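Novice: Here you go, sequence then predicted model.
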Amino acid sequence: MKKILATLAGGLLIGAVAASYAKLPSPTPEERSAAVAKAGKDATAKAKAAKELANAQDKAVANYKKNSSSPSSSGATAKQKSEPNAPL
(Lines give C-alpha, C1' and ligand atoms only; values in the text may rest on other atoms or scores of the structure.)
Protein backbone atom coordinates (compact mmCIF):
# COMPACT_ATOMS: atom_id res chain seq x y z
CA MET A 1 0.00 0.00 0.00
CA LYS A 2 2.83 2.39 0.82
CA LYS A 3 4.45 1.70 -2.56
CA ILE A 4 1.25 2.62 -4.37
CA LEU A 5 0.90 5.89 -2.41
CA ALA A 6 4.56 6.74 -2.98
CA THR A 7 4.19 6.07 -6.71
CA LEU A 8 1.06 8.24 -6.92
CA ALA A 9 2.72 11.04 -4.98
CA GLY A 10 5.78 10.85 -7.25
CA GLY A 11 3.57 10.92 -10.32
CA LEU A 12 1.73 13.99 -9.04
CA LEU A 13 5.03 15.70 -8.31
CA ILE A 14 6.38 14.95 -11.78
CA GLY A 15 3.11 16.17 -13.32
CA ALA A 16 3.23 19.41 -11.34
CA VAL A 17 6.83 20.09 -12.41
CA ALA A 18 5.99 19.34 -16.04
CA ALA A 19 2.96 21.62 -15.92
CA SER A 20 5.01 24.47 -14.48
CA TYR A 21 7.36 24.33 -17.48
CA ALA A 22 4.57 24.14 -20.08
CA LYS A 23 4.18 27.11 -22.42
CA LEU A 24 0.94 28.60 -23.60
CA PRO A 25 0.41 29.11 -27.32
CA SER A 26 1.16 32.59 -28.60
CA PRO A 27 -1.88 34.86 -28.97
CA THR A 28 -3.47 35.32 -32.36
CA PRO A 29 -3.36 38.72 -34.07
CA GLU A 30 -7.01 39.28 -33.12
CA GLU A 31 -6.25 38.58 -29.47
CA ARG A 32 -3.26 40.94 -29.58
CA SER A 33 -5.30 43.75 -31.11
CA ALA A 34 -8.07 43.16 -28.57
CA ALA A 35 -5.54 43.34 -25.74
CA VAL A 36 -4.10 46.59 -27.11
CA ALA A 37 -7.59 48.08 -27.46
CA LYS A 38 -8.49 47.01 -23.91
CA ALA A 39 -5.28 48.55 -22.57
CA GLY A 40 -6.11 51.81 -24.36
CA LYS A 41 -9.63 51.85 -22.93
CA ASP A 42 -8.29 51.11 -19.44
CA ALA A 43 -5.77 53.95 -19.71
CA THR A 44 -8.48 56.34 -20.88
CA ALA A 45 -10.79 55.30 -18.04
CA LYS A 46 -7.99 55.69 -15.50
CA ALA A 47 -7.17 59.18 -16.77
CA LYS A 48 -10.85 60.16 -16.64
CA ALA A 49 -11.18 58.86 -13.08
CA ALA A 50 -8.07 60.78 -12.02
CA LYS A 51 -9.47 63.97 -13.55
CA GLU A 52 -12.83 63.49 -11.79
CA LEU A 53 -11.03 62.89 -8.49
CA ALA A 54 -8.96 66.05 -8.90
CA ASN A 55 -12.10 68.07 -9.68
CA ALA A 56 -13.89 66.65 -6.62
CA GLN A 57 -10.91 67.45 -4.41
CA ASP A 58 -10.74 71.00 -5.77
CA LYS A 59 -14.46 71.42 -5.13
CA ALA A 60 -14.09 70.12 -1.56
CA VAL A 61 -11.20 72.51 -0.88
CA ALA A 62 -13.15 75.46 -2.28
CA ASN A 63 -16.17 74.53 -0.17
CA TYR A 64 -14.02 74.23 2.93
CA LYS A 65 -12.37 77.60 2.32
CA LYS A 66 -15.74 79.24 1.67
CA ASN A 67 -17.39 77.86 4.80
CA SER A 68 -14.54 78.12 7.30
CA SER A 69 -14.65 81.60 8.74
CA SER A 70 -12.33 81.12 11.70
CA PRO A 71 -8.70 80.02 11.43
CA SER A 72 -9.10 77.61 14.36
CA SER A 73 -7.81 74.11 13.84
CA SER A 74 -10.88 72.44 15.32
CA GLY A 75 -13.24 74.05 12.85
CA ALA A 76 -15.72 75.06 15.55
CA THR A 77 -16.96 78.62 15.62
CA ALA A 78 -16.59 80.54 18.85
CA LYS A 79 -19.86 81.67 20.39
CA GLN A 80 -20.10 84.21 23.15
CA LYS A 81 -21.60 82.82 26.30
CA SER A 82 -24.24 84.90 28.01
CA GLU A 83 -24.16 85.26 31.75
CA PRO A 84 -26.60 82.99 33.56
CA ASN A 85 -28.14 85.84 35.61
CA ALA A 86 -28.39 88.36 32.81
CA PRO A 87 -31.85 89.85 32.19
CA LEU A 88 -33.48 88.94 28.93
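Specialist: Arrived safely, thanks for sending.

Novice: Where does pLDDT dip in the chain?
Specialist: Scanning the chain with the threshold set as pLDDT under 70 gives 70-88.

Novice: Check it for its longest helix and report it.
Specialist: helix 29-67 (DSSP state H).

Novice: List the buried residues in that one.
Specialist: Buried residues in helix 29-67, counted by 16 or more other Cβ atoms under 10 Å: none are found. (Glycine included, C-beta is placed from N, CA and C.)

Novice: Number the residues from 51 up from this point.
Specialist: Noted, 51 is the first residue going forward, which turns the last one into helix 79-117.

Novice: can you give me phi and psi for Ser118?
Specialist: Main-chain dihedrals, Ser118, degrees, to the nearest 10: phi -90, psi 110.

Novice: burial count for it?
Specialist: When neighbours are counted by other Cβ atoms under 10 Å, Ser118 registers 11.

Novice: How about Ala59?
Specialist: 10.
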